[in-house]
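Visitor: quick one, what's the 3D model for this:
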Amino acid sequence: MKKGIIIILGIIILATGAAYMVNAAGVVLFGGNLHRDVNDGLVLDVTLASDNYASSTKTFTDNSRGSNHCVSTNAAVFTVDNYGKSTGATIFNGTTNVITRSTLNLGNAATFSGWGKADALTTRMLWNHPTNSYGTYFDLFFGNNLILMNTGDGYGNPFKYDDGTNIPMSAVSLNVWHHYVVVLDPVANKSLLYVDGVYWGSAVYKNPTSNTSRVFSIGGATSYRWSGAISSLKIHNRALSAKEVLNLYGSSKPKFVSGSLQKGLVLDMPLTSNWTKSSTAGSQIMTDRTPYSNDGKNYGAVISSDFASFDGNDYIADIVSKSILEPASITVSSWINMDTDAPLARNIWLTKWHGYSMEIQANTRIPYFRLQGPGDTYSNTALTLGEWHHFVGTYDSAVGRRVYLDGNLVGSGGPNGAITHTRDYPLNIGRYSGGIYFKGKIKNVKIYDRALSAAEILSLYDKER
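Guide: Numbering: from 1, shown residues only. You can find the predicted model right below:
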């Protein structure tokens, strides 16, 4: 009887994609998804480097199991890739250079990813794929100052931020390597765009089902050729998850060193008893560990060796308003443990207003990052009372707004101008100077004068938890 149960469970688990193992006691243990290896479902894996190229046939080798080798129309010319390798990428001249192969057979889910550097983006395609479902090609298309999931419908299917605004083509930096990923997900019924491991937004889902004899093109279709360089392109026959996309980005990008988490750090306040400059309980000077000495004074919070505890009336203030705490690009990071639902319209645990603040909606426990000018960015996931959470907000006027909860991207919005910094109130932790307080615990408050990447935020989360 036990064997039968285990067999049935195994069938259910495999059908749903969940992973399991059986321990020595014969107990079925459940894990995550079976697709733990980001190479699962990989049907095209082409590196456009000189050491992956046969000049006699102008062929680039496909390193997936599909042997879907690709052929360059012209003799390939190489340049420096995203790793700094001198002949690791192929130059695309914007007119005649293209790398092709016969269409891959795909189902209704797929992931396209590639490293590209553009020297011009107006009416350009990174790749172009024929499909049966729409009787046409479809592609990642840059045009009309939009980034689009194009299916021969002109500018009709732009990628949009979660707040509904179009993602502008100008969000992509010219002459900089970027990792582009488009996930065609029939379950979410969306086409998802990731750039450099970060989810940017979505467009209408397009079915990639294809078994025609038409040609798949790296570098785009005629009249829309890529101008710049491409170092690699991959196709999966499944929809990768956000974490898999981040892993894919990290596996093909030179790793940042841990010291990069110090770059741009303008406030680093642990809020622990080991980092105070006076010992009088309830009125300690809380140390900023950066060279800028943005120290603050405690007004009643209980400071332990691990965190600061706020009872709804306590706060940390007197952090002198300096221009260094008013950056154009910003990351605000902290750990919070919420004791109770907000008694007022909202709960604020960090603010420098006007400028920026970290807040929680009453009763919903939804955290959000408020910026004077660009607007609010809400998490799609609520906090759990009595549990520690790492919440991070970032803003860059070229890329837009992002919020992360426990290492995961949980909200985004488009660029919306500059942050309006005024010095009405200095930086406060545990309250808004107008009388809105926080009840719970806070630790490891950090502010950067740049927008950290998704990989850096995940590293910070792993390091501090």
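
Visitor: show me the protein divided up by domain.
Guide: For the chain, automatic domain parsing gives the domain ranges 2-33, 42-251, 259-464.

Visitor: chain center to the second one: distance?
Guide: A distance of 18 Å separates the centroid of the chain from that of domain 42-251, by C-alpha atoms, centre = their mean, to the nearest Å.

Visitor: what of stretch 379-398?
Guide: Stretch 379-398 sits 13 Å away from the centroid of its parent chain (C-alpha atoms, centre = their mean).

Visitor: in TSV: the domains of the chain, plus mean pLDDT.
Guide: TSV is the format used below for the domains of the chain (pLDDT from 0 to 100):
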stretch	mean pLDDT
domain 2-33	36
domain 42-251	87
domain 259-464	89
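
Visitor: in TSV, list the ones you listed along with mean neighbour count.
Guide: All C-beta atoms are positioned from the backbone trio N, CA, C, and that covers glycine. Formatted as TSV, these follow (neighbours: other C-beta atoms under 10 Å):
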stretch	mean neighbour count
domain 2-33	10
domain 42-251	19
domain 259-464	19
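
Visitor: and the residue nearest in space to the middle of the chain, what are its bridge partners?
Guide: With distances taken as C-alpha atoms, centre = their mean, the residue of the chain nearest its centroid is Val198 (2.1 Å). Listed beta-bridge partners, Val198: Val195 (assigned using DSSP bridges).

Visitor: in this structure it contacts Gly411, no?
Guide: No: between Val198 and Gly411 there is no contact under C-beta atoms under 8 Å: 12.0 Å.

Visitor: which neighbours do those two share?
Guide: Arg402 (C-beta atoms under 8 Å, 6 or more residues apart in numbering).

Visitor: what ranges do the helices span in the stretch 101-250 of the chain?
Guide: With DSSP state H, counting those that start in this stretch as the criterion, the stretch 101-250 of the chain has helices at 242-251.

Visitor: span of stretch 444-453 from start to end?
Guide: Start and end residues of stretch 444-453 are separated by 18 Å (C-alpha to C-alpha, to the nearest Å).

Visitor: can you check stretch 145-156 too?
Guide: Using C-alpha to C-alpha, one end of stretch 145-156 lies 13 Å from the other.

Visitor: next: stretch 262-277.
Guide: For stretch 262-277, the first and last residues are 22 Å from each other (C-alpha to C-alpha).

Visitor: what comes into contact with that stretch?
Guide: 284-290, 292, 294-296, 298, 303-308, 316, 319, 324-325, 327, 331, 427, 429, 442-450.

Visitor: the same query, at a cut-off of 6 Å, please.
Guide: Stretch 262-277 has contacts (C-beta atoms under 6 Å, 6 or more residues apart in numbering) with 284-290, 292, 294, 303, 305, 308, 324, 442-450.

Visitor: now stretch 84-102
Guide: For stretch 84-102, the external contacting residues (C-beta under 6 Å, 6+ apart) are 48-50, 68, 70, 72-74, 76-81, 215-219, 225-227, 229-231.

Visitor: can you get me the start-to-end distance on stretch 66-75?
Guide: This stretch, stretch 66-75, spans 24 Å end to end (C-alpha to C-alpha).
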